[in-house]
Each structure stands twice: as structure tokens, then as C-alpha cells.
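[1] Fold the stuff below for me.
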Amino acid sequence: MKLLEEYQELIVRDAMEISCLWKYVQIFLYLLGAISGYASSVLFYTLWKQIFGGNCPLWAKVVLLREELELENIDDVCNSLDWWKYIFIDYQHDNICRVYLIMCFSSCTFGIVWFILFFICGKGGHDDASIYPDPWRIVFPAMYFNFAFITISMYTDYNFQQGYKAFSKNMRNITSEMYNICKKVADVSDCEIIKICMKIHHFYMRDLDYLCNIISYLQVPLVLMMCSWAGGLVVLLFRIITSNDFRILKIRIYEVKDE
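    Residues are numbered from 1 along each chain as shown. Sure, this is the predicted structure:
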């Protein structure tokens, strides 16, 4: 037999054979990513602008002005309420905070965009009644985007966590040293650090409870944001593995000779 023609044909499954959960779970995760990204943006902006006066605390160096402190009467300094004036904070990495804020706001923006795209598209397969007859074509771009965004956001979040941890440690060490000079016993908590920073930048508020716990509050939407994008990637990968939207049919045409 002589091979006359060989080609491949894409056979798309009917949309009725695809579970609607693939669509609605993905929509929920993108909506969660958008909401948590917006909440993270608001809380981080409050931390950056209202507590630190627009200065980025990540990886900031904290120095005790010993020379100026030696010129003063230690007892007067310890008894006063403005001893924090002898603490100098060297902010060097404003771009890190800008990148982090952009990342949080991008989660909100892209979450809304992908939410709309998956909402207007069908659940998969071939659906003539849908706006896009072959909505499965959105799966691969979404998977690549989720992978890229979760990689960037994890690195940015790690930089934020470690940067604020380093600043908090430096601040706690300098404050403890100041208390030792004054021969005072005090536990330097995260709330105490927030209060000192607000005094340094001349922000005074009566109710500091929510600002003292702003780092703890910020962790909640951050975790939700990471989980939403990572969960979306896992769902997309699992969908590709378990639910095939199409099959490739290989067709060969032979010439049959009459004997």
C-alpha cells in the first residue's frame, strides 16, 4: 500500500463532558487573589507612609547617636520622654518598598483581569453557545502567568519578611541598649518599636492598637494572596493532567490497488 496523505486533526471534547468546577474554583481563587492583594496594598501603604513617614524600613540600619548622648546628662535623657531622638535610622532601600507595593496592587489588578476572562469563558471543551467556542485555549496562558507571578511574589514577600525582621532586630537591640544605659528593665515588643518609629516621624495618635498589630494583620492577606495564586497554578496543572479538552487524531490515507 502506498501512503498518499498523512495529517493530524484536533478533536475537541464537548463542553458537557467538562466539570464546571474547573471554572468556578479558578474564578474563586482569582477573586481571592484580587481581594487579598487590595487588602495587602492598603495595610502596607499604611505601614510605609503613616508609621515610617514614607521611608522604607526594610533592611534599614539603626544607629545610636553615642556622641550626642555623651554630651547630655544621662539622667535627664532617661527621665525625658524624647530619648528616641538619639536613635538614627538609615533608610537605604526605598525601591524595595515600591516593588512590594506594586506586587500587592498587581495581585489585585491581575486577579480582576483573570477573574473576568474565566468568567466570560466557558468551562472547557467546545461550546458553540459560549462567547469563545474553544475556552480551553485560556488554560495554558493562565498557567504560565500564575507560575511567573507566584515566583515573583514569593521572592518579593521573602525580601519583605527578612527585611523587616532585620530592621526589627536592629531596632530592638538599640532600644535594649538604651534601656540598659538608663538602667531600666523593659521588654521591647513589636508594638514598642512601632510607637518609637511613629514618634521619630512625628505621628501621634491616641489609638495605636491597630497600628501596633499592623504587621500581624498584614500577614493574613499576604498568606491568602500567595495561596490563591499557588492554588490556581495547582488547579490548572491538575486540570491539564486529569481533564483533557482535546485529543490529537493522526490520520493516514493509503492507496489500495485492485488485484
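[2] Low-confidence stretches in the stretch 151-259 of the chain?
    184-188, 200-210, 243-249, 253-255, 257-259 (pLDDT under 70).
[3] same thing but 90
    164-217, 236-259 (pLDDT under 90).
[4] Where do the strands of it begin and end?
    246-255 (DSSP state E, counting those that start in this stretch).
[5] Please apply the same query to the stretch 1-150 of the chain.
    2-12, 61-64, 87-90.
[6] neighbours around Pro141, how many?
    Using other C-beta atoms under 10 Å, the number of residues around Pro141 comes to 11. Every residue, glycine included, has its C-beta placed from N, CA and C.
[7] so Ala34 touches Phe105, yeah?
    No: assessed by C-beta atoms under 8 Å, Ala34 is found out of contact with Phe105, at 10.4 Å.
[8] who's more crowded, those two?
    Ala34 (21 against 17).
[9] From Arg239, how far out is the more buried one?
    21 Å (C-beta to C-beta, to the nearest Å).
[10] With adjacent residues omitted, what lies nearest to Leu237?
    Met143 (6.7 Å; C-beta to C-beta, 6 or more residues apart in numbering).
[11] Isn't the one you found up against Leu233?
    Yes: counting by C-beta under 8 Å, Met143 touches Leu233, with 6.6 Å between them.
[12] Of those two, which one has the most company?
    When Met143 and Leu233 are compared for neighbours, Leu233 comes out ahead with 21 against 17, by other C-beta under 10 Å.
[13] what separates that one from Val220, distance-wise?
    21 Å.
[14] Next: Leu117.
    27 Å.
[15] cool, Ile120 as well?
    Counting by C-beta to C-beta, the gap from Ile120 to Val220 is 30 Å.
[16] about what we covered before: so which of Leu117 and Val220 has more stuff around it?
    Set Leu117 next to Val220 and count neighbours by other C-beta under 10 Å: Leu117 wins out with 17 against 13.
[17] That one and Pro141 touch, don't they?
    No: contact criterion C-beta under 8 Å: Leu117 and Pro141 do not qualify, at 9.1 Å.
[18] Let me see the contact set for the residue nearest to Thr46 when sequence neighbours are not counted.
    Leaving out its chain neighbours, the residue that sits closest to Thr46 by C-beta to C-beta, 6+ apart is Ile214, at 6.4 Å. Counting by C-beta atoms under 8 Å, 6 or more residues apart in numbering, Ile214 touches Leu43, Thr46, Leu47, Ile51, Ile194.
[19] Sounds good, over and out.
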